[in-house]
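>>> after the sequence you'll find the predicted model.
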Amino acid sequence: MNIVIVGAGKVGYYLSKTLLSADHTLMIIEQSKDVCEKVADDLSIPILNGDATRIDMLEAAGTGKADIFIAVTGQDEENLIACQLAKKNFGVKRTIARVNNPKNIKVFETLGVDTAVSSTALIAELIEEEVDYSGMKTLKNIKKHNIVISEIEIRRSSPIHDKKIRDFVMPPGSIIVSVIKRNEVLLPTDNTLIREGDSVIALSSFEDIDALHDFFVGES
């Protein structure tokens with residue numbers, strides 16, 4: 001794919017290096033002349049020294065031919081304006097912007113940026129997903145579709161310990177996706193016996209996560 005990247009600082013540099021290894025065609029726009037020279041020598045790719053919030057600079061970078069436009073400077077305002085110009089003036093189908101202040105994510109999305117990425121928000125989300133109930137860990141929280149995928153460690157005290165799946169009814173809005181026994185992943189059947197040491201992968205809605213915990217682990 002043809003990709004235009006705005007900003008060649010640490011984020012832009014390592015992003016460019018990663019995309020190059022995947023055989024994408026890149027063009028970088030960077031305001032600092034010194035940074036331009038360093039990155040151009042190191043990565044051996046074209047890089048323009050200039051302001052990405054100017055139409056003529058975006059045109060010189062071939063933005064009209066870009067499949068993806070990515071702005072990762074340290075300035076939220078510059079990233080937003082560059083993405084807006086790329087989409088409205090050059091018809092770029094997908095724009096991605098780095099957001100330094102998590103509070104600006106909704107603003108970016110409201111103003112037309114396809115994907116607004118905040119490292120602060122991502123780290124907070126990872127912590128939120130990892131820290132959960134004792135004996136139960138969230139593997140994936142798909143907020144867009146209100147789906148939570150959880151891994152539950154079965155203990156001897158579990159209400160369903162030593163029971164077959166046919167002998168119990170799952171809480172509303174949840175299903176068992178798989179059962180892991182001694183590193184062997186099994187598709188659940190009515191005859192699958194849930195024992196101490198097993199791990200159950202279950203899918204539920206966010207609202208039913210408490211009921212799922214109480215069902216497998218016991219009431220908090």
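In hand now; what should we look at? Note that the coordinates shown come from a computational prediction; the quantities given were computed from them, not determined experimentally.
>>> would you map out the domains in the protein?
Domain assignment for the chain, taken from automatic domain parsing, gives 2-123, 132-216.
>>> highest average neighbour count across those?
Compared across the domains of the chain, domain 2-123 shows the largest average neighbour count, a mean of 18 (mean count of other Cβ atoms under 10 Å). Every C-beta, even on glycine, is put in place using the N, C-alpha and C of the backbone.
>>> just after the lowest-mean-pLDDT helix or strand in the chain, pick out the following helix or strand.
Every helix and strand of the chain was ranked by mean pLDDT, DSSP states H and E. The lowest is helix 119-130, at a mean of 56. Next helix or strand after helix 119-130 toward the C-terminus (DSSP states H and E): strand 136-142.
>>> for that next one, what does the pLDDT average out to?
In this model, strand 136-142 has an average pLDDT of 75.
>>> go on, stretch 97-117?
90.
>>> could you export the helix or strand hosting Cys83 as CSV, CA atoms only?
Element membership of Cys83, judged by DSSP H and E, is helix 76-90. C-alpha atoms of helix 76-90 as CSV (Å, rounded to 0.1, in the frame of the first residue of the first chain):
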residue,chain,number,x,y,z
ASP,A,76,-2.7,17.0,18.4
GLU,A,77,-3.9,20.0,16.4
GLU,A,78,-1.3,19.4,13.6
ASN,A,79,-2.3,15.7,13.4
LEU,A,80,-6.0,16.6,13.2
ILE,A,81,-5.7,19.3,10.5
ALA,A,82,-3.4,17.1,8.4
CYS,A,83,-5.8,14.2,8.5
GLN,A,84,-8.8,16.4,7.7
LEU,A,85,-7.0,17.9,4.7
ALA,A,86,-5.9,14.5,3.5
LYS,A,87,-9.5,13.2,3.6
LYS,A,88,-11.4,16.2,2.3
ASN,A,89,-8.9,17.6,-0.3
PHE,A,90,-7.3,14.4,-1.5
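>>> which residues touch that helix?
Defining contact as Cβ atoms under 8 Å, 6 or more residues apart in numbering, one finds that helix 76-90 is touched by 4, 6-7, 52-53, 55, 58-59, 63-64, 66, 69, 71-73, 92, 95-101, 104, 107-108, 111-114.
>>> do that again at 6 Å, thanks
For helix 76-90, the external contacting residues (Cβ atoms under 6 Å, 6 or more residues apart in numbering) are 6, 52-53, 58, 63-64, 69, 71, 73, 92, 95, 97-101, 104, 108, 112-113.
>>> from these, which land in strands?
Counting by DSSP state E, the part of those found in strands is Val6, Phe69, Ala71, Thr95, Ala97, Arg98.
>>> okay, the residues you listed in CSV with distance to Ile45 next?
CSV is the format used below for the ones in strands among the contacts of helix 76-90 (distance: Cβ to Cβ, whole Å):
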residue, distance to Ile45
Val6, 14
Phe69, 16
Ala71, 17
Thr95, 20
Ala97, 21
Arg98, 20
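>>> what ranges does this structure have for its helices?
10-21, 33-43, 55-60, 76-90, 105-110, 119-130, 209-216 (DSSP state H).
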